[in-house]
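> return atomic coordinates for the entry below.
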Amino acid sequence: MDSWKASFLRAGVYPEKQSSEGTVGEGQEEGERRESVDPQLERQVETIRNLVDSYMKIVTTSCKDQVPKIIMYLMVNDAKAFINGELLANLYATGDTQNMMEESADEALKREEMLRMYHACKEALNIIAEVSNVTLGGGASKMSTPSYGQSNPTPARRPPPPSASPRLPPARPAPGGLPPPMVPQRR
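Numbering: from 1, shown residues only. As a prediction, this is how the structure comes out:
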């Protein structure tokens, strides 16, 4: 116990003396304490206090972060053990596995709706590709668009134009409604 008191005294922490009237010589004792403490020791104590405060903030933050994760980990592992151990055994014990594997009417409707959406999206992509080819390709009558639902690793592509200059995109009208000025092509 004495070693602790000595350590606190070296760090600048002094015990307060209590009497029946309260703290004895509070103003006088405070003045003596300020004079007797080394400024370098005060800086060291303040540094240690700041380091301990920072460490405690880190510990608190770590606990706040890790506790929910640990709880979820334990809950998921317990649920997994229950499913693997008891629930699966009870399901197989009923012997009606074929009935359990059948698709419900709601799921069949959802599946059919998803297939309709898939085919509609595929058709929309084909239309967009056709419009894009007609717009950028110069009005080709029959286009060769890749079918997005089929496996075609190398889609048919048009050969590059004979000129070496890159093709400019179609001009858009300016905000005032007039088309932009024509820029001559380099040859």
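> where does this structure have its least confident helix or strand?
strand 22-23 (a mean of 50; mean pLDDT, DSSP states H and E).
> strands of the protein, residue ranges please.
18-19, 22-23 (DSSP state E).
> what's the burial count for residue 133?
Residues contacting residue 133 under the criterion other CB atoms under 10 Å number 16. For the C-beta atoms, the positions are set from N, CA and C on the backbone; glycine is no exception.
> now swap in residue 105 and tell me
Count around residue 105 with other CB under 10 Å applied: 7.
> enumerate every residue touching it.
For residue 105, the contact set (CB atoms under 8 Å, 6 or more residues apart in numbering) is empty.
> roughly how far apart are it and residue 70?
Using CB to CB, to the nearest Å, residue 105 is found at 42 Å from residue 70.
> same check on residue 103?
To residue 70, residue 103 is 39 Å away according to CB to CB.
> do residue 98 as well
Taking CB to CB, one finds residue 98 at 41 Å from residue 70.
> so where is this structure shaky, pLDDT-wise?
Confidence mapping of the chain against pLDDT under 70 gives the ranges 1, 17-37, 138-187.
> helices of that one, residue ranges please.
Secondary structure of the chain by DSSP state H: the helices cover 2-11, 26-36, 39-82, 88-94, 97-101, 105-137.
> which strands or helices does the first one pack on?
Helix 2-11 makes packing contacts with helix 39-82 when contacts are defined by 3 or more CB pairs under 8 Å, 6 or more residues apart in numbering; DSSP states H and E.
> between the helix it packs on and helix 2-11, how many degrees?
120 degrees (axes from the mean of the first three to the mean of the last three CA atoms, to 10 degrees).
> mind giving me the packing neighbours of helix 39-82?
Helix 39-82 packs on helix 2-11, going by 3+ CB pairs under 8 Å, 6+ apart.
> one more time with 6 Å
Here helix 39-82 touches no other helix or strand, going by 3 or more CB pairs under 6 Å, 6 or more residues apart in numbering; DSSP states H and E.
> thinking again about what came up before, residue 98 and residue 70: which has the busier surroundings?
Legend: neighbour count by other CB under 10 Å for residue 98 and residue 70, higher for residue 70 (10 against 7).
> please report how far that one lies from residue 76.
For residue 70 relative to residue 76 (CB to CB), the value is 11 Å.
> repeat that for residue 118.
According to CB to CB, residue 118 and residue 76 sit 33 Å apart.
> just residue 91 next, same as before
Distance from residue 91 to residue 76, by CB to CB: 20 Å.
> do the same with residue 10
50 Å.
> now residue 132
With CB to CB as the criterion, residue 132 and residue 76 are 47 Å apart.
> cool, residue 63 as well?
Remark: distance between residue 63 and residue 76 (CB to CB) = 20 Å.
> kindly report the same for residue 54.
Distance from residue 54 to residue 76, by CB to CB: 34 Å.
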